[in-house]
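Student: have a look; sequence and predicted model below, questions after that.
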Amino acid sequence: MQTQTISLCLMVKNEETFLRKCIESVQATVNEIIILDTGSTDKTIEIATEYTDQVKYKVFNGDFSAMRNEVLKYVQTDWVLFLDADEFFDETEIPKIKEAINKVSSDVGGIRFYRYNFFASGGWYSNKVLKLFRNNPEYKYAKKVNESIDTSIIQSGYLIEDSDIVLNHIGHTRSREDRDAKSKKYIQLMKEQLEETPNDPVLHGYIGLISRTLGDFDYAINKTTHALNINPNSSTLHMFHGHVLRSVNKNLEALDTYKKALELRPNDAGVLNMIGVMYMTLGNLAEAEEYFGKAFESNPALIHSLLNKGIVRFYQKDYLSAYEYFSKVIERNKSFLYKDIFGILECDPYKSFYYETYMEYSGLESYIAICESKMKEVLNY
């Protein structure tokens, strides 16, 4: 079998904090690195040139897809791994990238990863992302914001396959000021996109989803409600609406909304997990554990369903069982231990709205420490 080659592609601006970690996490498995800088004023370019002589320059034009498509012009390999500078892989995942490429059939054009988006507190949310795809001139990113190449791959007659590869994203560990500025920028770009496609329900839903993290709750509810009025049969939009309702403590309504999402997409692991989270929030730990179990059974790549199951056991004072679940989580992705002391102490009352666990979650390390202490007490009794 001919060895398949891979290009790491990045579009960057002022990413000196994250860039090195991103590149070094995959450097050994890619054949070339292509970086497009859109106007950095920090040490980003200096760092980039340490790893590649293919550093290109173009001023950002307000269209993320156009900029990404610019990068693709320079690719000479069989496959493209297009990451953000604040994304990286744990070492356990690196061999899986080439394994995934080598085992897919010729009609598969792209491979999705499971991405964990971490905050400085250790909280997270997750999503599936298409980051690995064949180098094909027909493939083009679309949309000014929330850019995606998925539709182009499918329209070109190819399939997209899910994998169990886990990608970590630590962009939300930036300062609250930076996060809020980015959110406002995205909302503005989405509004500009809506001028062209005013009835795009996903754009309306995303605006609502982001607005809740800026504290604009009434507007958030209006936008996700409007999105569902346009397309009431979208599981994704029901998920968005459930997230917003949850952020204003409408927990029973949120639970009902997540259940509607499940009706539309049965056995979806992410939806099952959020139903479990709502039962945990409402104090029904037995029901919560059942749904976390269903989530993991539906998709073993959903590592955080095990973490949530461990938290249920923790609050049932079954510390040994909780510790065993937490250990499995770390074995699968040690980034769940990530914490940043400055980020933890920042004043941001809204970041927990993102978490795919109960909102008072304070990082896995804390739960493990308490479990170890409680088990030690039992042994010394």
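Tutor: Right, received. Where do you want to start? These figures come from a predicted structure and were not determined experimentally. Residues are numbered from 1 along each chain as shown.
Student: the chain: strands as residue ranges?
Tutor: All strands of the chain, identified by DSSP state E, fall at 6-12, 32-37, 55-57, 79-83, 87-88, 108-119, 124-134, 159-172.
Student: the third one: which residues count as buried?
Tutor: Of the residues in strand 55-57, those buried under the neighbour-count criterion (16 or more other C-beta atoms under 10 Å) are Val55. Every residue, glycine included, has its C-beta placed from N, CA and C.
Student: run the chain-centre distance for it.
Tutor: Offset of strand 55-57 from its chain centre (C-alpha atoms, centre = their mean, to the nearest Å): 27 Å.
Student: which strands border that strand, and is each parallel or antiparallel?
Tutor: Taking DSSP bridges as the criterion, strand 55-57 sits next to strand 32-37 (parallel) in its sheet.
Student: what number of residues lie near Met375?
Tutor: When neighbours are counted by other C-beta atoms under 10 Å, Met375 registers 14.
Student: just the one 5 residues further on next, same as before
Tutor: Using other C-beta under 10 Å, Asn380 has 6 other residues around it.
Student: look at it and report its pLDDT.
Tutor: Reported pLDDT at Asn380 in the predicted model: 72.
Student: for it, give me its contacts.
Tutor: Residues near Asn380 by C-beta atoms under 8 Å, 6 or more residues apart in numbering: none.
Student: and the strands of the chain as JSON lines, adding mean pLDDT and distance to Tyr350?
Tutor: JSON lines is the format used below for the strands of the chain (pLDDT from 0 to 100; distance: least, C-beta to C-beta, whole Å):
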{"stretch": "strand 6-12", "mean pLDDT": "97", "distance to Tyr350": "27"}
{"stretch": "strand 32-37", "mean pLDDT": "97", "distance to Tyr350": "31"}
{"stretch": "strand 55-57", "mean pLDDT": "96", "distance to Tyr350": "36"}
{"stretch": "strand 79-83", "mean pLDDT": "98", "distance to Tyr350": "27"}
{"stretch": "strand 87-88", "mean pLDDT": "97", "distance to Tyr350": "23"}
{"stretch": "strand 108-119", "mean pLDDT": "95", "distance to Tyr350": "11"}
{"stretch": "strand 124-134", "mean pLDDT": "95", "distance to Tyr350": "13"}
{"stretch": "strand 159-172", "mean pLDDT": "94", "distance to Tyr350": "12"}
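Student: switch these over to JSON lines; also include distance to Thr257.
Tutor: Written out in JSON lines, the entries for the strands of the chain read as follows (distance: least, C-beta to C-beta, whole Å):
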{"stretch": "strand 6-12", "distance to Thr257": "35"}
{"stretch": "strand 32-37", "distance to Thr257": "40"}
{"stretch": "strand 55-57", "distance to Thr257": "44"}
{"stretch": "strand 79-83", "distance to Thr257": "33"}
{"stretch": "strand 87-88", "distance to Thr257": "30"}
{"stretch": "strand 108-119", "distance to Thr257": "22"}
{"stretch": "strand 124-134", "distance to Thr257": "17"}
{"stretch": "strand 159-172", "distance to Thr257": "24"}
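Student: among those, which is nearest Leu272?
Tutor: strand 124-134 (12.8 Å; C-beta to C-beta).
Student: what residues of that closest one count as buried?
Tutor: Using 16+ other C-beta under 10 Å as the test for burial, strand 124-134 gives Trp124, Tyr125, Ser126, Lys128, Val129, Leu130, Lys131, Leu132, Phe133, Arg134.
Student: now the fifth one: closest residue in space that isn't a chain neighbour?
Tutor: Nearest residue to Val129 in three dimensions, chain neighbours excluded: Arg115, at 4.8 Å (C-beta to C-beta, 6 or more residues apart in numbering).
Student: cool, the fourth one as well?
Tutor: Excluding the flanking residues, the one nearest Lys128 by C-beta to C-beta, 6+ apart is Arg112, at 4.8 Å.
Student: list the contacts of the one you found.
Tutor: Lys128, Val129, Leu130, Lys131, Ile160, Glu161, Asp162, Ser163.
Student: ok, now Glu70?
Tutor: Counting by C-beta under 8 Å, 6+ apart, Glu70 touches Leu36, Lys56, Lys58.
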